[in-house]
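[1] A structural model of the following input is requested.
(4 chains)
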2 protein chains.
Amino acid sequence: MKRPATWKTIRVEALRRVHTGLWAPGARIPDEAELAAEFGCARATVNRALRSLAEDGLLLRRRKGGTRVPTTPVRKATFDISIIRQEVESRSQQYGYQLIDDRLEKPPGDAQAALDLPDDAPLRHVMALHLADDRPFCLEDRWLNPGLMKLDQVRFDKLSANEWLVRNLAYSVGTISFHALSADPDTARLLDCAEGTALFAIERTTRNAAAPITFVRLTYASGYRMQATL
Amino acid sequence: MKRPATWKTIRVEALRRVHTGLWAPGARIPDEAELAAEFGCARATVNRALRSLAEDGLLLRRRKGGTRVPTTPVRKATFDISIIRQEVESRSQQYGYQLIDDRLEKPPGDAQAALDLPDDAPLRHVMALHLADDRPFCLEDRWLNPGLMKLDQVRFDKLSANEWLVRNLAYSVGTISFHALSADPDTARLLDCAEGTALFAIERTTRNAAAPITFVRLTYASGYRMQATL
DNA sequence: AAGTGGTCTAGACCACAAA
DNA sequence: TTGTGGTCTAGACCACTTG
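    Okay, the predicted model is just below:
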């Protein structure tokens, strides 16, 4: 056993025992008090280590039930959601932005459903293109609830709605999903690819505590890969 | 102020102050000792709350630098990686499995590169179809390093490689990425869609401490959406 | 050099879910 | 009922990083 029993070393050691099968899938592992005695540390330190593993889906903990190694672990993968400009710049590419369209109009069914707006009031519809090294990178197709946050007065010709919203409406709740779609003629033209090309898209709905704020579909240029970490 | 200052209530209150702008983006917030005094709790409790927010990307903490509200927060989204059978069953659908092909052959360039295998040794290639309510759900295209784990002796005709590996090689490291692809003739036939349909795919490479184990591409049937939580 | 978060301790009480 | 994890405390020392 290592001398300084920090919670990280305990985490590593616990993970090793799971890897090697010393703690078998489905089996219950010693409780915190026992492990604290074994490692010669406070129970809180063991707690920190095991809680960390449980947060990653590598252990299952229940009061009175003890801590177990899951038979079919559900790993958590995480990925960062940053501003598109940052995403481009982190690839060491030159970022560019181009506003395509910005008008009030009635939303299509999916946007209206996502925002959960009852009547058919017109919404602000912003289309914009994000560029990387002067090539199309991502098409932003956004619907905004104009009644909120003076959202009808902000101009998006220089600063993207993506960036403005992240800066001003961060820390709001919402949903996010990913899917593949086939490039329609307009999308193909804007993203400089053939019609029907398979494209990766992210849809996000953002809500305030009270009301829906915005629904956006980000369609990435052909070949885009989203990387996540386990 | 609430009476019982648990770390969760402090987390909520801190988030409220960020939301309302009381703690402005870029600004430094009071240090742990001050907040502990304000909330009438131990510093460790404040630490727990702020650390939790920092893990979600909603605060930035640095020793000596203090805790700040990020100007451009990088939110973390997480999603669960479970066995495909579980994914189907969690949708209240009937799971089915069908082995398509299983043979030794030389891998194509992408699989070989992903597994980082030097020579052109043949790998075990397993193709299988996962079904939901008797309809194609996901196509599993997997390359296995047969030298490891007696991987050349396991049969995948009843139990999917996906499930076997999760059960037996869980807790290994690797990479994961998502992209869109266009259905080639074989894929279209197996997934029961038109050739050229845009499909959502996940690629995962799994390594042991020492050696690469498996590379898999999971291609989902048309219309699939992957949901994540913020 | 000094301030701030990171961590550990030893003890305590509580909440939840098995038995 | 009882055992287990969940959390809080008051204090202490340490590590990093900024000024």
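
[2] Break chain A down into its domains, please.
    Domain assignment for chain A by automatic domain parsing gives A:7-68, A:84-220.

[3] what pLDDT, on average, does the longest one get?
    Regarding domain A:84-220, the rounded mean pLDDT is 88.

[4] Any idea how far apart the tips of it sit?
    Distance across domain A:84-220, first residue to last, is 11 Å (CA to CA, to the nearest Å).

[5] Next one: that domain, is it in contact with chain B?
    Yes - interface with chain B: domain A:84-220 contributes A:86, A:163, A:166-167, A:170-182, A:196-201 (CB under 8 Å from any CB of the partner chain). C-beta: built from backbone N, CA, C; applies to glycine.

[6] how close does the closest residue in space to residue A:17 that isn't next to it in sequence get to residue A:54?
    Counting by CB to CB, 6 or more residues apart in numbering or on different chains, residue A:17 lies nearest to residue A:23, which is 4.5 Å off, once chain neighbours are set aside. For residue A:23, the distance to residue A:54 equals 14 Å [CB to CB, to the nearest Å].

[7] So for those two, which sits in the more crowded spot?
    Taking other CB atoms under 10 Å in any protein chain shown, residue A:23 and residue A:54 do not tie; residue A:23 has more neighbours (20 against 15).

[8] that's a strand at that one, yeah?
    No - going by DSSP: H, G, I helix; E, B strand; the rest coil, the assignment for residue A:23 is coil, not a strand.

[9] which residue of chain A sits farthest from its center?
    Farthest-out residue of chain A from its mean C-alpha position, per CA atoms, centre = their mean: residue A:37, at 39.7 Å.

[10] rewinding a little: for the domains of chain A, give me TSV that also has distance to residue B:31.
    Below are the domains of chain A laid out as TSV (distance: least, CB to CB, whole Å):
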stretch	distance to residue B:31
domain A:7-68	22
domain A:84-220	21
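
[11] Out of the ones you listed, which is closest to DNA strand D?
    When the domains of chain A are compared by CB to the nearest atom of the strand, domain A:7-68 sits nearest DNA strand D, at 2.5 Å.

[12] now the end-to-end length of the closest one.
    With CA to CA applied, domain A:7-68 spans 18 Å between its terminal residues.

[13] same thing with stretch A:101-113?
    End-to-end span of stretch A:101-113 (CA to CA): 22 Å.

[14] Residues contacting it, please?
    A:115, A:117, A:120-127, A:143, A:146, A:156-157, A:215 (CB atoms under 8 Å, 6 or more residues apart in numbering or on different chains).

[15] Can you mark which positions in it are buried?
    Across stretch A:101-113, burial judged by 16 or more other CB atoms under 10 Å in any protein chain shown covers A:102, A:107, A:111, A:112.

[16] ditto for stretch A:68-83
    A:68-70, A:73-79, A:81-83.

[17] Repeat that for stretch A:32-42.
    By neighbour count on 16+ other CB under 10 Å, the buried set for stretch A:32-42 is A:32, A:35, A:36, A:39, A:41.

[18] one step back: could you grab the helix/strand/coil label for the residue farthest from the centre of chain A?
    Three-state assignment for residue A:37 (three-state DSSP): helix.

[19] mind checking pLDDT for it?
    93.

[20] doesn't residue A:46 make contact with residue A:6?
    No - judged on CB atoms under 8 Å, residue A:6 makes no contact with residue A:46 at a distance of 11.1 Å.

[21] ok, these two, which is more surrounded?
    Neighbour totals were compared for residue A:6 and residue A:46, and residue A:46 leads with 26 against 14 (other CB under 10 Å).

[22] So that one belongs to a helix, correct?
    Yes - when three-state DSSP is applied, residue A:46 is found to be in a helix.
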